[in-house]
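>>> make a model of this:
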Amino acid sequence: MSNLADSGQSDRATGVSAQSVESPKPVDSPPADRTPSDPGDTSSDEKSLTARHPRWHIRVRGLTKSFGQNRVLTGIDLDIERSKVNVVIGASGVGKSVLVKHFISLLRPDTGEVWVDGTNVFDLDTKELSAFRRKFGMVFQFAALFDSLTVEDNCAFPLREHTKKNKAEIKEIVRDRLSALGLDGTQDKYPGELSGGMRKRVGLARALVLEPEILIYDEPTTGLDPLATKNVDDMILSTSERFHVTSVVISHDMASVFRIADRISMLHDTRLLISGTVDMVRESGIDYVHRFITTSGVTGAFSQRKQT
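Predicted coordinates:
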């Protein structure tokens, strides 16, 4: 999985390819121009794209992206629900990171639009885009901390770069975010002194210091043992509830997905195969969706969501 911070056509070299994983086409999949959606989905109201929608935070319409002759995404229509945990799943290399990079205009599509609170992100100029990206916080796959900086300095870095707050204000904000994530007393430690799970939490604390409205998690449980994975899942849920942020999680850890998701969207064969509530995905009857989930060995995951 490519790091979301890496923009441009480097995705071709990192294996983000709609054709890099050949999976059989779903037997019961819908027509290419129709993605299943839950009954409460109001995404068909195109007039609402230009205004802040009370339910949908990010709205993707007709998004198509290729790198040279390699088609990665085709005609994606997707709504990301406000203040909920929205999980994007699919096989390795199917284009999950490519899709999410468009949300903050790290990539531009061949065709299509991405609307955030009534703003088409591809209409923004450089100055406007810089301000717009403050809406987002990024939690990278391996935390992406500066090894030479302490935990406190890592978390303070965005505040020093993007605000005019004084040292005392920055110190207090960092302390508050670390405390909220159970990291009191780690301020003077270096990343190399922390466990994998703790580094993930420091990465989240850093993402939260600028008070983003939307948090993007890139494979947050990769490389973690089951107990550490559960801790990260709990962190995502508690952060969503405490800070009322919209969460977008890229994952193919099915056990984790069914613990945290409010909505699941699945990419397959360059298209959005299904997007809806957990129950809708569970009951979709789409053969490929069923095989993808059950092959991962979490057949009981449908009943374990958020029972913690």
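
>>> tell me the SS of N86?
Under DSSP: H, G, I helix; E, B strand; the rest coil, the three-state class of N86 is strand.

>>> likewise Y288?
When classified by three-state DSSP, Y288 comes out as helix.

>>> number of nearby residues for it?
Per other CB atoms under 10 Å, the neighbour tally for Y288 reads 21. Placement of C-beta: from N, CA and C, glycine included.

>>> I250 versus that one, what's the distance?
Taking CB to CB, to the nearest Å as the measure, Y288 falls 19 Å from I250.

>>> same question, S179
Taking CB to CB as the criterion, S179 is separated from I250 by 28 Å.

>>> more neighbours: these two, which one.
When neighbours are counted by other CB under 10 Å, I250 comes out ahead of the other of S179 and I250, with 21 against 12.

>>> for that one, give the beta-bridge partners.
Partner residues in beta bridges with I250: V88, D218, with DSSP bridges as the criterion.

>>> tell me the contacts of it?
Contacts for I250 were tallied using CB atoms under 8 Å, 6 or more residues apart in numbering; they are 1, 87-88, 96-97, 100, 216-219.

>>> which single one of these is nearest to L183?
Using CB to CB, the shortest approach to L183 within the contacts of I250 belongs to Y217, at 17.4 Å.

>>> ok, the closest one - contacts?
Counting by CB under 8 Å, 6+ apart, Y217 makes contact with 139, 236, 247-251.

>>> okay if I get the residues you listed as TSV plus pLDDT and distance to R259?
Shown next, in TSV, are these (pLDDT from 0 to 100; distance: CB to CB, whole Å):
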residue	pLDDT	distance to R259
V139	83	17
I236	91	9
S247	96	13
V248	97	16
V249	96	11
I250	95	16
S251	91	11
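
>>> from F132, how far off is T229?
T229 is 32 Å from F132, where distance means CB to CB.

>>> higher neighbour count, those two?
More neighbours sit around T229 than around the other of T229 and F132, counting by other CB under 10 Å; the figures are 21 against 16.

>>> does the more buried one belong to a helix, a strand or coil?
Using three-state DSSP as the criterion, the local structure at T229 reads helix.

>>> list the contacts of it.
221, 253, 255-256.

>>> pretty sure K165 contacts P158?
No - under the criterion of CB atoms under 8 Å, K165 is not in contact with P158, lying 10.7 Å apart.

>>> between the two, which one's more packed in?
Ranked by neighbour count (other CB under 10 Å), K165 and P158 place P158 first, with 18 against 15.

>>> that one is in what secondary structure piece?
The secondary structure element spanning P158 is helix 151-162 (assigned by DSSP states H and E).

>>> and the angle from the following helix or strand past that helix to helix 151-162?
Beyond helix 151-162 on the C-terminal side, the first helix or strand identified by DSSP H and E is helix 167-180. Interaxial angle of helix 167-180 relative to helix 151-162 (axes from the mean of the first three to the mean of the last three CA atoms, to 10 degrees): 130 degrees.

>>> what's the local residue count around M235?
M235 is surrounded by 20 other residues when neighbours are defined as other CB under 10 Å.

>>> how about the strands in the protein?
Under the criterion DSSP state E, the chain carries strands at the ranges 56-67, 70-81, 85-89, 111-116, 119-120, 136-139, 214-218, 246-250, 263-268, 271-277.
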